[in-house]
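**Student:** Build me a model from this:
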Amino acid sequence: MQRNKLYFFLTWSRDGQCTPCEGWRRCNLSRSRGVKQPFSRQHVRLSNNNYLWTLAFSTHPQPHSPPHTPTQPRPPLVLLHGFGGGVALWAQNLDALSSIGPVYALDLLGFGRSSRPQFTAHPEGAEEQFVEALEEWREKVGLEEMVLLGHNLGGYLSAAYTLKYPHRVKHLLLVEPWGFPARPENPNHNSIPVWIRAMGAFMSPFNPLAGLRLAGPLGPMLVQMIRSDFKQKYSSVFDDNTVSDYIYHLNAQTPSGETAFKNMTIPYGWAVRPMLERIDQVRADIPISFIYGSRSSIDSDSGYAFKKTRQDVEIRVIRGAGHYVFADQPDDFNQTVLQILASREKKSEGQEGMKQRELPQLDGTQEGTEVN
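**Tutor:** Purely as a prediction, here's the structure:
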């Protein structure tokens, strides 16, 4: 049963329907290597005929184990993937992360199995569309508060959402976030190889993944060649090229979110609206944590620069992990996230307890007595 459920959200064609292609049928999650935790899946309907593809995981404690009851119910953990990604890339993390509380994983607007609307060409407007879709999704699902965990573009959008809706975010976890530093005012133009500059100039009118779609039926093979590392990253779950095929199908459709991302960038991959210039405006009582891979091309300097202005920022670096830290070292990543959440929860409970002890007592009553 679990095999069939995960097979459903991993295997789909360009029009969003399951494909009978034999290549997709190789998605074999038996042998106890797939997602075992029960989950539900649905398109959460938004306004303007938009929708976000959503997986929802509930906590199922082991039999005969006393449940941990925090001072307040744990807010759900919401996972936002990065550019060109989708919910299935969390396959090695969902079981562990949902073991202590509810987890939602969703495809961003314009990506994956979510709707692909036309975004405004203005960078700020495109960011706003992403953020408002997430807020409308939260309302539809019925969440009061949530812990946001975003990777790459998902990290950038998580921070943008937190800036606008701080009362909805309990904790912000940024995993290898894109778009934080500003482009240097005087970048060393000569340090960029000529062929890269020429290719960048040639490709500037096109979307980042246009070549994948131009390749037509050779697209899956192209993904396997360019991102051959993904087969190794997910070797504990899949024996074949399922993940490469999945990535191809994610990005072979109408480039809606991809176009929005392009409009939010300037050469070479810098954000038009750098988040590091704004994140200090996040409400002071919202914990912020960064997770980086030690072998990533994403510079962790942004996290450390922010920590200089906000001392309670937590930064974790996972050894042996690259940009896809959650896939490179999934066990270490899962443990790190759970540790961060447990630590913050304990700290929050301690602060709540102190507040309760500091409350003034009513005349003629003692602590713990009932007042009629």
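
**Student:** C-alpha only now, for contacts and for neighbours.
**Tutor:** Fine.

**Student:** ok, longest strand in this structure?
**Tutor:** Among all segments of the chain classified by DSSP state E, the strand with the greatest residue count is strand 169-177.

**Student:** Give me the contact list for that strand.
**Tutor:** Counting contacts by C-alpha atoms under 8 Å, 6 or more residues apart in numbering, the residues outside strand 169-177 that touch it are 75, 145-156, 158-159, 162, 286-293, 298, 300, 323-325.

**Student:** Now do that strand: distance to the chain's middle.
**Tutor:** Shown here is strand 169-177, whose average C-alpha point lies 9 Å from the average C-alpha point of the whole chain (C-alpha atoms, centre = their mean, to the nearest Å).

**Student:** Within the sheet, what are the partner strands of it, with directions?
**Tutor:** Strand 169-177 pairs in its sheet with strand 146-152 (parallel), strand 288-293 (parallel), by DSSP bridges.

**Student:** now the strands for the protein?
**Tutor:** All strands of the chain, identified by DSSP E, fall at 39-45, 51-57, 77-80, 103-106, 146-152, 169-177, 265-266, 270-271, 288-293, 314-318.

**Student:** Save those as a markdown table, and put in mean pLDDT, distance to G86 and mean neighbour count too.
**Tutor:** Putting the strands of the chain into a markdown table (pLDDT from 0 to 100; distance: least, C-alpha to C-alpha, whole Å; neighbours: other C-alpha atoms under 10 Å) gives the following:
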| stretch | mean pLDDT | distance to G86 | mean neighbour count |
| --- | --- | --- | --- |
| strand 39-45 | 97 | 14 | 16 |
| strand 51-57 | 98 | 9 | 22 |
| strand 77-80 | 99 | 8 | 24 |
| strand 103-106 | 98 | 8 | 24 |
| strand 146-152 | 98 | 11 | 24 |
| strand 169-177 | 98 | 15 | 26 |
| strand 265-266 | 94 | 21 | 14 |
| strand 270-271 | 95 | 21 | 20 |
| strand 288-293 | 98 | 19 | 24 |
| strand 314-318 | 98 | 22 | 18 |
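
**Student:** of all those, which lies closest to A133?
**Tutor:** Of all those, strand 51-57 sits nearest to A133, with 8.2 Å by C-alpha to C-alpha.

**Student:** in its sheet, what does the closest one sit against?
**Tutor:** In the sheet, strand 51-57 lines up against strand 39-45 (antiparallel), strand 103-106 (antiparallel) (DSSP bridges).

**Student:** With distance to S228 as added columns, please give those in TSV.
**Tutor:** Formatted as TSV, these follow (distance: least, C-alpha to C-alpha, whole Å):
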stretch	distance to S228
strand 39-45	29
strand 103-106	25
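
**Student:** so D107 touches R116, yeah?
**Tutor:** No. Here D107 does not reach R116: they are 10.8 Å apart, not a contact under C-alpha atoms under 8 Å.

**Student:** okay, the two: which has more neighbours?
**Tutor:** D107 (25 against 21; other C-alpha atoms under 10 Å).

**Student:** How about the contacts made by that one?
**Tutor:** D107 makes contacts with L52, W53, T54, L80, H81, G85, G86, V87, R113, S114, as judged by C-alpha under 8 Å, 6+ apart.

**Student:** Output the lowest mean pLDDT helix or strand found in the chain.
**Tutor:** Among the helices and strands of the chain, helix 22-25 carries the lowest confidence by mean pLDDT, DSSP states H and E, at a mean of 35.

**Student:** residue ranges of the helices in the stretch 1-150 of the chain, please?
**Tutor:** Ranges of helices in the stretch 1-150 of the chain, per DSSP state H, counting those that start in this stretch, are 2-10, 22-25, 94-97, 123-141.

**Student:** mean pLDDT for those helices: which is lowest?
**Tutor:** Taking the average pLDDT of each of the helices of the stretch 1-150 of the chain, the minimum falls on helix 22-25, with a mean of 35.

**Student:** Now do Q335 against D95, distance only.
**Tutor:** Noted for Q335: a distance of 12 Å to D95, by C-alpha to C-alpha, to the nearest Å.

**Student:** more neighbours, the two?
**Tutor:** Taking Q335 and D95 together and counting by other C-alpha under 10 Å, D95 has the greater number of neighbours (19 against 14).

**Student:** one step back: the strands paired with strand 169-177 into a markdown table, with extra columns for distance to D239?
**Tutor:** As requested, the strands paired with strand 169-177 are exported to a markdown table (distance: least, C-alpha to C-alpha, whole Å):
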| stretch | distance to D239 |
| --- | --- |
| strand 146-152 | 25 |
| strand 288-293 | 25 |
